[in-house]
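Undergrad: this one's structure only:
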């Protein structure tokens with residue numbers, strides 16, 4: 001198995017776990033719907049950038065940022 005693919009699978013597992021935890025906290029009343037939506041958007045962007053890094057570079061280029069990694073750092 002390719003090392004990059006293994007890395008993607010491991011990180012995707014963590015992201016999916018965090019998304020599951022967010023929904024769990026929402027059901028317990030700890031997290032508001034606005035917080036859930038905000039974090040869900042962040043984690044879905046992370047997941048998209050993990051599996052399709054070219055997409056992040058394309059968005060960065062459209063926004064006038066040199067590289068996708070730079071965009072991720074600016075957003076963080």
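TA: Cool, the structure landed. Computed from a predicted model, the values in this text were never measured in an experiment.
Undergrad: number of nearby residues for residue 35?
TA: Here the number of neighbours of residue 35 (other Cβ atoms under 10 Å) works out to 13. (C-beta placed from N, C-alpha, C; glycine too.)
Undergrad: Report the contact partners of it.
TA: Going by Cβ atoms under 8 Å, 6 or more residues apart in numbering, residue 35 touches no other residue.
Undergrad: give me the element it is part of.
TA: Secondary structure from DSSP states H and E places residue 35 in helix 33-51.
Undergrad: swap in residue 65?
TA: Judged by DSSP H and E, residue 65 forms part of no helix or strand.
Undergrad: and the residue lying closest to residue 18 once chain neighbours are set aside, how far is that from residue 2?
TA: In space, residue 18 comes closest to residue 43 once its chain neighbours are excluded; the distance is 5.9 Å by Cβ to Cβ, 6 or more residues apart in numbering. According to Cβ to Cβ, to the nearest Å, residue 43 and residue 2 sit 24 Å apart.
Undergrad: Look at the two and report which has more neighbours.
TA: residue 43 (16 against 7).
Undergrad: Okay, that one and residue 25: tell me how far apart.
TA: From residue 43 to residue 25 the distance is 13 Å (Cβ to Cβ).
Undergrad: swap in residue 38?
TA: 13 Å.
Undergrad: Then residue 12?
TA: On the measure of Cβ to Cβ, residue 12 and residue 25 end up 20 Å apart.
Undergrad: ok, how many other residues are close to residue 60?
TA: 19.
Undergrad: Nearest spatial neighbour of it, chain-adjacent residues omitted?
TA: Spatial nearest neighbour of residue 60, chain neighbours left out: residue 71 (3.8 Å); criterion: Cβ to Cβ, 6+ apart.
Undergrad: Quick check: that neighbour touching residue 61?
TA: No - contact between residue 71 and residue 61 fails when scored by Cβ atoms under 8 Å: they sit 9.1 Å apart.
Undergrad: So for these two, which residue has more residues nearby?
TA: Between residue 71 and residue 61, counted using other Cβ under 10 Å, residue 71 has the larger neighbour count: 20 against 13.
Undergrad: Next, that one: secondary structure please.
TA: Here residue 71 is recorded as helix under DSSP: H, G, I helix; E, B strand; the rest coil.
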